[in-house]
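Q: Structure for the following, please:
(2 chains)
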2 protein chains.
Amino acid sequence: MRPEQSKALIFEAAERLIASQGAASLTVRGIAAEAGMNPSLVRYYYESTEDLLIAFFRQMAEEHSRKVEEALCAPHPLRALWNLHTRAPSGLLTMEIMSLGHRYESIREELVRHMDAVRKHVSRALQDKLSGEASCFGTNSPSGAAFIFLATAAALIADRGIGIHSGNAQAEEIVECWLDKVESAM
Amino acid sequence: MRPEQSKALIFEAAERLIASQGAASLTVRGIAAEAGMNPSLVRYYYESTEDLLIAFFRQMAEEHSRKVEEALCAPHPLRALWNLHTRAPSGLLTMEIMSLGHRYESIREELVRHMDAVRKHVSRALQDKLSGEASCFGTNSPSGAAFIFLATAAALIADRGIGIHSGNAQAEEIVECWLDKVESAM
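A: Reported below is the predicted structural model:
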């Protein structure tokens, strides 16, 4: 098996275990068992659970960054960014990664770097577009609006996984009407 | 030791373990060890880990509901609700409880009931207050605005625990300026 294939199997196993038993209890041994691989082969690639989790997060973050860059090139970048950040079936993986950030300093650093970069992309996409009808809560701060935009998207996804419904459709409609105004002013 | 004292010790131990090792790996045995209690005493109160976790969540939810009701009686209820939902040191406990909601149907049900109730309180507090200058993204839906209000607060707390900063101060300022308009129109 080629290294990329092995690593893909390892990451798939890690993702399944994170969903079923939570990220905090992952071990190299458990991931090897889930992937049907010898623990020593997993350890050949990743010396510790922390190394494995960092590599797993980096791969997720790189894929996310690629999708953000694609969205930025779309005809309506903010609408594309909104779709990207509201279409996941649940927020469980994100929540588990955030929990890991509380436990591993190395993951915390990667997480901060990635989240800051994504927010700055959204903020730049909003630059000079927030005025008059398209203001955000009556103000024109692109970085503040980017924060609220992404927070609302994350909450919609988190709720979808749990089944909370109060106000979700209305919040979605509010942001979508606002995006129409923001992007029609282009 | 009185039952209430024992239960308080059990809940404190559960909270510490959730913070240090994640909610998914909790067991009655581990909680008993953390609380310095005999596992059979813990099992006398809670037959299973799930029973214990439901009771723990109910206690958290009741305390939260009490604080929400207090805030609703404050001179500026929305400002009080905002303070209540943005002052926690981190969002770790909330994220771990949300993760548990993915694993235990009983906790999911309690979580949905509680979150829906809190959103409805915030939504009612916003009723008839969203117009003109005080609109939310240019619209007047109290339930949508309540969703965005709580999503922004939750993201501010989650970020505080991890150390993500991009746009946080600006988002906080946006919501606070908006609350000034909403509550000055009273």
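
Q: Where does the prediction get shaky in chain A?
A: Flagging of chain A using pLDDT under 70 yields the residue ranges A:138, A:185-186.

Q: What segments of chain A are helices?
A: Listed in chain order, the helices found in chain A under DSSP state H are A:3-21, A:28-35, A:39-45, A:49-72, A:77-86, A:92-103, A:105-126, A:142-162, A:168-184.

Q: So is the first one next to chain B?
A: If I follow you right, that is helix A:3-21. Yes - contact of helix A:3-21 with chain B is found when judged by C-beta under 8 Å from any C-beta of the partner chain, involving A:19, A:21. All C-beta atoms are positioned from the backbone trio N, CA, C, and that covers glycine.

Q: Contacts only, for the residue nearest to the spatial centre of chain A.
A: Here the mean C-alpha position of chain A is nearest to the C-alpha of A:Thr94 (C-alpha atoms, centre = their mean), at a distance of 5.9 Å. By C-beta atoms under 8 Å, 6 or more residues apart in numbering or on different chains, the contact set of A:Thr94 is A:88, A:154, A:157-158.

Q: ditto for A:Met1
A: Residues in contact with A:Met1 (C-beta under 8 Å, 6+ apart) are A:Leu9.

Q: Also the one 10 residues further on?
A: Shown here is A:Phe11, whose contacts under the criterion C-beta under 8 Å, 6+ apart are A:55-56, A:59.

Q: Let's see that with 6 Å instead.
A: With contacts defined as C-beta atoms under 6 Å, 6 or more residues apart in numbering or on different chains, A:Phe11 is in contact with A:Phe56.

Q: Tell me the residues on chain A that lie near chain B, please.
A: Along chain A, the residues adjacent to chain B under the rule C-beta under 6 Å from any C-beta of the partner chain are A:21-22, A:24-25, A:92, A:95, A:98-99, A:101-102, A:108, A:112, A:115-116, A:119, A:137, A:139, A:141, A:143-144, A:146-148, A:151-152, A:155, A:162-164, A:166-167, A:170-171, A:174, A:178.

Q: Just the buried residues of those.
A: For those, a burial check counting by 16 or more other C-beta atoms under 10 Å in any protein chain shown picks out A:21-22, A:24, A:92, A:95, A:98-99, A:101-102, A:108, A:112, A:115, A:119, A:137, A:141, A:143-144, A:146-148, A:151-152, A:155, A:162, A:164, A:166-167, A:170-171, A:174, A:178.

Q: Excluding chain neighbours, what is closest to A:Ala158?
A: Using C-beta to C-beta, 6 or more residues apart in numbering or on different chains and skipping the chain neighbours, the partner closest in space to A:Ala158 is A:Gly91 (3.6 Å).

Q: and if you look at A:Leu126?
A: Take A:Leu126 and drop its neighbours on the chain: the residue closest to it by C-beta to C-beta, 6+ apart is A:Pro142, 4.0 Å away.

Q: could you measure that neighbour against A:Arg124, distance?
A: Noted for A:Pro142: a distance of 7 Å to A:Arg124, by C-beta to C-beta, to the nearest Å.

Q: can you check A:Arg108 too?
A: To A:Arg124, A:Arg108 is 25 Å away according to C-beta to C-beta.

Q: cool, and A:Glu105?
A: For A:Glu105, the distance to A:Arg124 - C-beta to C-beta - is 29 Å.

Q: Look at these two and report which has more neighbours.
A: Summary of the neighbour comparison: A:Glu105 and A:Arg124, criterion other C-beta atoms under 10 Å in any protein chain shown, with A:Arg124 having more neighbours (14 against 9).
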